[in-house]
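Asks: Need coordinates for the below:
(2 chains)
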Amino acid sequence: MTDGTLGASFRDPSGFVFERDGIIYRQVNRSYAADYDRLMSSGLYAALVERGLLIAHEEVSIEPTGRGDPYRILQPDLVPFISYPYEWCFGELKDAALATLEIQRIALDFGMTLKDASAYNIQFLQGRPVFIDTLSFEAYEEGTPWVAWRQFCQHFLAPLALISYRDVGLGQLSRLYIDGVPLALARSLLPARAWLRIQLFLHIWVQAGSQRRFEGAASEDATAPKQRPVSRKNLDNLVAGLKNACESLDWKPEGTEWADYYEGDSYTDEGDEDKAAVVASHLDRIRPAEVWDLGANTGRFSRIASERGIHTVSFDVDPACVERNYRAARSSKDARLLPLILDLVNPSPALGWAHEERNSLAERSSADLVMALALIHHIAISNNVPLARIASYFARLAPHLIIEFVPKSDPKVKILLATREDVFPGYTQAGFEEAFSSVFEIVDAHPVKGSERTIYLMRRRD
Amino acid sequence: MKISTKSSTTRRTRRPRSRIASWFGAGLLAAAFAPATALAVGEPIEIRVAYLDPGTGSLIIQAVVAVLAGAAVAITSYWRKIKTFFGRNARNSEASETASRDD
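Replies: All right, here's what the predicted structure looks like:
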């Protein structure tokens, strides 16, 4: 948009987010002034920021955009990479859900309530879920229900329950439904045994039934349905019940194709150490501020970057690998590592109104270096993507590339080719170098000890 | 932020019993405390809306769900306490048995 207003930020009349000179600002409109002042003066802002639950901001005096009726301009802390719920593993979604509930619980103690419980309001900062929408708080009035209850259930509880009870793949429903999984759909997909959990029964089964019932009632008779007040105590109970529901759900990262990959790895110890050493030396040479590790598995090589203080996004297609990666990062308090689910041959698209609410993967790239280790054969052979196209896509993502070439003589490629016709005559080391040389300059090529693989460092041609 | 530190194994072994507890809880609540629930949720408020979206149904049922959710949380927490109590007793008696055998 021409005035710098970001596409995700048009629904809320309280304010909007805009970008100027590479810095993200949030405008607070005068219509939200009372709630904003209450957030700041009640101590809620300080309490949430202190607990690491809400993004910190500074009030700045810069020229407003001319849109809306500006009351304050805020400059929030920078989020290095904006991720979306359909890119989170189960553990990330669950932690984001619990953070949202904790924020609502604390907000009520300060006489405020969340009017929004969208999963898109959470981002991962320093390895932890943080609420980024400072304008989502409003004054709480005794007796009023939690207006964001349905949204919370759609964005968090329903996908968590579907993954836990049905299949981890159902986490991708969030990509299809921008305002979360419809509760009627969740109710029809969840197995009967899910309703033995009283909280799931209440928050999903009963709520979905109520939605259907009152939709029908409205069209058939004119008598308005009755909304009953919810006391403060019962509102606390509602939030406690949701917390119980989320905490009771679990998913074990196993049984997927890649989850046990390193246990049956294709490398000798010598080769593995050599590979780690060459990756480390390339990182020290380029000194990137942000690294994307594509096909990261459980993040073994991503950690070489994150341990150097580099913000590292660790992508993998397998939710079990991402889950293991996240749990390991969380327990080691790795603040620089962000594990995310990504199918590189069908990456996250631009979504929402005018394709501007959620950005595609490439639109969000601020990486200085992409790592693609033991990945090329899966894209080129398993998915038939020509080498030249792989090179040009990687060049769009970052100016530097560390890439491993895996030749046809490699045992892993032999397995890939065992069940298909070899229609890849160009898949040779010379063909690879030729394809990548059109967009990249090859800076270094290092044959990995004890294997026939080669690790390249490349720089994008301008 | 609070992150559950309980191991998934512990939670899995607990699951069937707490489910039964929850289910019983629901039954008890629905049957025995229905009048109390009706009282607890107070007097109805008129909603003046041109037409209703799914959110309206959610807000209408929220008062009832909140009461039942709270009761279920309370029952689950009592159930845990009971289990911890008997669990501790069981462990204690096991320990004393082992001790006596060692003697």
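Asks: Count residues in the vicinity of the residue of the stretch 351-462 of chain A at minimum distance from chain B, would you?
Replies: Residue of the stretch 351-462 of chain A nearest chain B, by C-beta to the nearest C-beta: A:W353 (18.0 Å). C-beta here means a position set from N, CA and C on the backbone, and glycine is covered the same way. Neighbourhood size, A:W353 [other C-beta atoms under 10 Å in any protein chain shown]: 12.
Asks: so where's the chain shaky on pLDDT?
Replies: Using chain A. For chain A, applying pLDDT under 70 flags the ranges A:1-3, A:216-225, A:255-268.
Asks: you looked at the wrong chain, it should be chain B
Replies: B:1-54, B:88-103.
Asks: neighbours around A:E215, how many?
Replies: 16.
Asks: okay, now A:E63: neighbour count?
Replies: 8.
Asks: To clarify, my last question referred to A:V439.
Replies: With other C-beta under 10 Å as criterion, A:V439 counts 17.
Asks: so which helix or strand takes in the nearest residue to it once chain neighbours are set aside?
Replies: Distances taken as C-beta to C-beta, 6 or more residues apart in numbering or on different chains place A:A395 nearest to A:V439, at 4.2 Å, with adjacent residues excluded. Using DSSP states H and E, A:A395 falls within helix A:387-397.
Asks: Now that helix: buried residues?
Replies: Within helix A:387-397, the residues scored as buried using 16 or more other C-beta atoms under 10 Å in any protein chain shown are A:L387, A:I390, A:A391, A:Y393, A:F394, A:A395, A:L397.
Asks: Going by distance to A:Q123, which of those residues wins?
Replies: A:L397 (20.2 Å; C-beta to C-beta).
Asks: Let me see the contact set for the closest one.
Replies: A:W292, A:A362, A:S365, A:A367, A:V370 (C-beta atoms under 8 Å, 6 or more residues apart in numbering or on different chains).
Asks: same check, this time on A:Y45
Replies: A:L39, A:L54, A:T134.
Asks: Doesn't the first one lie inside a helix?
Replies: Yes. The assignment for A:L39 (DSSP: H, G, I helix; E, B strand; the rest coil) places it in a helix.
Asks: thinking again about what came up before, take the contacts of A:L397 and write them to TSV, including distance to chain B and neighbour count.
Replies: Shown next, in TSV, are the contacts of A:L397 (distance: C-beta to the nearest C-beta, whole Å; neighbours: other C-beta atoms under 10 Å in any protein chain shown):
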residue	distance to chain B	neighbour count
A:W292	26	29
A:A362	32	13
A:S365	29	17
A:A367	27	22
A:V370	31	25
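Asks: What about these, which are in strands?
Replies: Counting by DSSP state E, these place A:W292, A:V370 in strands.
Asks: Any chance of a markdown table for the contacts of A:Y45, columns distance to A:P347?
Replies: What follows is the contacts of A:Y45, written out as a markdown table (distance: C-beta to C-beta, whole Å):
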| residue | distance to A:P347 |
| --- | --- |
| A:L39 | 36 |
| A:L54 | 30 |
| A:T134 | 30 |
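Asks: what's the closest of these to A:L283?
Replies: Using C-beta to C-beta, those come closest to A:L283 at A:L54, 32.8 Å.
Asks: which residues touch the residue nearest to that closest one when sequence neighbours are not counted?
Replies: Excluding its sequence neighbours, the residue lying closest to A:L54 (C-beta to C-beta, 6+ apart) is A:L48, at 3.6 Å. Each residue near A:L48 by C-beta under 8 Å, 6+ apart is listed here: A:L54, A:I103, A:I106, A:A107, A:F131.
Asks: show me the contacts for the last one.
Replies: With contacts defined as C-beta under 8 Å, 6+ apart, A:F131 is in contact with A:L48, A:L53, A:L54, A:I55, A:A99, A:T100, A:I103, A:N121, A:I122.
Asks: how about 10 Å then?
Replies: Contact analysis of A:F131 by C-beta atoms under 10 Å, 6 or more residues apart in numbering or on different chains lists A:48, A:53-55, A:96, A:99-100, A:102-104, A:114, A:116-117, A:121-123, A:137.
Asks: can you name the two of the buried residues of helix A:387-397 that are farthest apart?
Replies: Every pair of the buried residues of helix A:387-397 checked by C-beta to C-beta; the farthest is A:L387 and A:L397, at 15.9 Å.
Asks: Can you get me the centre-to-centre distance for the helix or strand encompassing A:I163 and its chain?
Replies: Assigned by DSSP H and E, A:I163 falls within helix A:158-165. Taking C-alpha atoms, centre = their mean, to the nearest Å, one finds the center of helix A:158-165 at 17 Å from the center of the full chain.
Asks: With stretch A:314-322 instead?
Replies: Worked out by C-alpha atoms, centre = their mean, stretch A:314-322 lies 12 Å from the chain centre.
Asks: First-to-last residue distance for that stretch?
Replies: With C-alpha to C-alpha, to the nearest Å applied, stretch A:314-322 spans 8 Å between its terminal residues.
Asks: Ok, stretch A:100-118 next?
Replies: Stretch A:100-118 end-to-end distance (C-alpha to C-alpha) = 9 Å.
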